[in-house]
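Undergrad: Sequence and computational prediction follow.
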Amino acid sequence: MLYGAFLQLAGRRCLVVGGGPVAERKITGLLDCRADVTVIAPSLTPPLLKLAEHGTLSWEARPFQAGDAAPYFLIIAATSSRDVNLAVYEEGERHGRLVNVVNDQRFGNFTVPALLRRGPLTVGISTSGAAPVVAKKLREELEAFFGPEIEQFLHLMADARTRILAEVPDGAARTELLRRLANSELLQLLRAGHTAAAHELLERILGGRG
Ligand SMILES: C[C@@]1(CC(=O)O)C2=NC(=C\c3[nH]c(c(CCC(=O)O)c3CC(=O)O)Cc3[nH]c(c(CC(=O)O)c3CCC(=O)O)/C=C3\N/C(=C\2)[C@@H](CCC(=O)O)[C@]3(C)CC(=O)O)/[C@H]1CCC(=O)O
Ligand SMILES: NC(=O)c1ccc[n+]([C@@H]2O[C@H](COP(=O)([O-])OP(=O)(O)OC[C@H]3O[C@@H](n4cnc5c(N)ncnc54)[C@H](O)[C@@H]3O)[C@@H](O)[C@H]2O)c1
């Protein structure tokens, strides 16, 4: 069974070996999280080339060599060669690094889930490698289910939580209030576009009247 986790990668040195379409998808995800990305590959896709030219990532235009992986916090082996990816994995693993291998289930010590993002909400979907295409399909289905109102709802909940943490000293009462908000009609009201009614309901619940 795989352990689920979300990584804080801002400013962390991350290495991607390979510069094809799969590397491009993984690099985009790393840059979104403000990781410090280096790519080692003889060639890059046009979008990756542009990112290298702008200095958004560092590019070493050559094949992988022994010793390349050791300094990095997280490493993605994204070439189409199983031998190269295995060499990257073995070196990373030897140094206790996080290593993802994109074309062989037997290697690597983490996999990348399909991600649904809505503001502060992230839903990660893994099929434990059984069928990545199904992870993608489920992500697309959930995108239709979670509209922009979930983001509004979470911002509302975050503000309410800040107020509750400041104003309600009793731990059990705090949890009860937060549960009442989470289980209320707030999300449905936002989904229906009734923003003012949502705020009224929020204030009623916070005032102990909901
Ligand atoms: C979710 C997603 C995240 C991402 O990559 O961002 C992701 N793969 C995605 C798409 C996708 N991947 C593949 C296809 C073509 C259909 C097919 O072949 O099945 C498609 C569909 C497409 O491209 O449309 C081929 C494929 N993938 C892997 C192998 C090797 C193997 O199975 O051994 C092969 C065969 C390669 C070959 O031909 O040799 C392996 C992995 N792919 C994973 C993740 C990890 C397990 C995730 C899980 O547990 O479900 C894991 C183990 C490692 C990893 O990469 O972390 C992303 C969807 C993003 C999105 O759109 O939301
Ligand atoms: N995990 C996934 O999500 C997923 C999805 C689809 C495909 N795949 C598999 O991932 C692999 C990569 O797919 P792709 O479409 O990006 O392949 P690709 O062939 O387009 O790209 C491979 C890249 O690796 C580079 N490369 C080759 N040898 C290298 C070396 N010795 N050192 C450094 N870089 C080297 C090439 O220059 C190129 O940039 C394939 O095996 C593919 O079957 C994985």
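TA: Great, that's in hand. Ligands and ions are numbered 1, 2, ... in the order given.

Undergrad: what comes up buried for the lengthiest helix in the chain?
TA: What stands out as the longest helix in the chain, according to DSSP state H, is helix 149-167. Under the neighbour-count criterion of 16 or more other Cβ atoms under 10 Å, helix 149-167 has 149-153, 156-157, 160, 164 buried. Backbone N, C-alpha and C define where each C-beta goes, glycine included.

Undergrad: Closest one of those to ligand 1?
TA: Ile150 (17.7 Å; Cβ to the nearest ligand atom).

Undergrad: domain parsing for this protein?
TA: Domain assignment for the chain by automatic domain parsing gives 13-112, 149-206.

Undergrad: Ligand 2 is nearest to which of those domains?
TA: If you check each of those against ligand 2 by Cβ to the nearest ligand atom, domain 13-112 wins as the nearest, at 2.2 Å.

Undergrad: The closest one spans what distance, first to last residue?
TA: Taking Cα to Cα, to the nearest Å, domain 13-112 runs 17 Å from one end to the other.

Undergrad: same check, this time on stretch 145-154
TA: Using Cα to Cα, the two ends of stretch 145-154 sit 15 Å apart.

Undergrad: Turn the domains of the chain into a markdown table, including distance to ligand 1 and mean pLDDT.
TA: Shown next, in a markdown table, are the domains of the chain (distance: least, Cβ to the nearest ligand atom, whole Å; pLDDT from 0 to 100):
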| stretch | distance to ligand 1 | mean pLDDT |
| --- | --- | --- |
| domain 13-112 | 4 | 97 |
| domain 149-206 | 18 | 95 |
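
Undergrad: Single out the most deeply packed of those domains.
TA: domain 13-112 (a mean of 18; mean count of other Cβ atoms under 10 Å).

Undergrad: Next, see if that domain gets close to ligand 2.
TA: Yes. Applying Cβ under 6 Å from any ligand atom, one finds domain 13-112 in contact with ligand 2 at 17-23, 40-43, 63-64, 78-81, 84, 102-103.

Undergrad: for stretch 139-156, same thing?
TA: No. Using Cβ under 6 Å from any ligand atom, stretch 139-156 stays clear of ligand 2, with a minimum separation of 12.7 Å.
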